[in-house]
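Asker: What would the 3D arrangement of this be:
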Amino acid sequence: MPYANSDTNREYQGEHKRLTRAGECRTPCTTLLPGEFRLRTARDVLALLEQQVEAVRNDAEAGTLEKARTIGYLAGISLRAIEAGDLTSRLESVEYVLKQRRENDK
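Answerer: The predicted structure follows:
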């Protein structure tokens, strides 16, 4: 049971079943993003993070401490995305070398 309150659970389940019958494969709380917002690679994540850091830096209403915390958080995510991109390229290189060795052994 996703909710302890039975009324809330009943409402959620009803909405979920209605969406399922309508052919939408999502829960009531899930929002669908347009295709241009889908992130498929580490490069996509880094581009989005770059835009968001710039938006935070240009926000006149945010305080210095709030900006610093947000940018620090986004920088941590960026580092993980960079590491994932590096691992992907290294793995592709290893696969290429192994494929070349197999072809040369034949």
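
Asker: make it CA atoms for all contacts and neighbour counts henceforth
Answerer: Fine.

Asker: neighbours around residue 78, how many?
Answerer: For residue 78, the neighbour count with other C-alpha atoms under 10 Å is 20.

Asker: Leaving out sequence neighbours, find the closest residue to it.
Answerer: residue 46 (6.1 Å; C-alpha to C-alpha, 6 or more residues apart in numbering).

Asker: Not counting its neighbours along the chain, what's nearest residue 74?
Answerer: residue 49 (6.6 Å).

Asker: likewise residue 57?
Answerer: Closest to residue 57 by C-alpha to C-alpha, 6+ apart is residue 67, at 6.7 Å.

Asker: For the one you found, give me the pLDDT.
Answerer: As summarised for this prediction, residue 67 has a pLDDT of 90.

Asker: what about it, neighbour count?
Answerer: Residue 67 has 18 neighbouring residues, counting by other C-alpha under 10 Å.

Asker: Checking it next. Helix, strand or coil?
Answerer: helix (DSSP: H, G, I helix; E, B strand; the rest coil).

Asker: Distance of it relative to residue 18?
Answerer: 42 Å (C-alpha to C-alpha, to the nearest Å).

Asker: what's the spacing between residue 99 and residue 56?
Answerer: Distance from residue 99 to residue 56, by C-alpha to C-alpha: 45 Å.

Asker: So between these two, which is more surrounded?
Answerer: Neighbour totals were compared for residue 99 and residue 56, and residue 56 leads with 16 against 11 (other C-alpha under 10 Å).

Asker: All good on my end, thank you.
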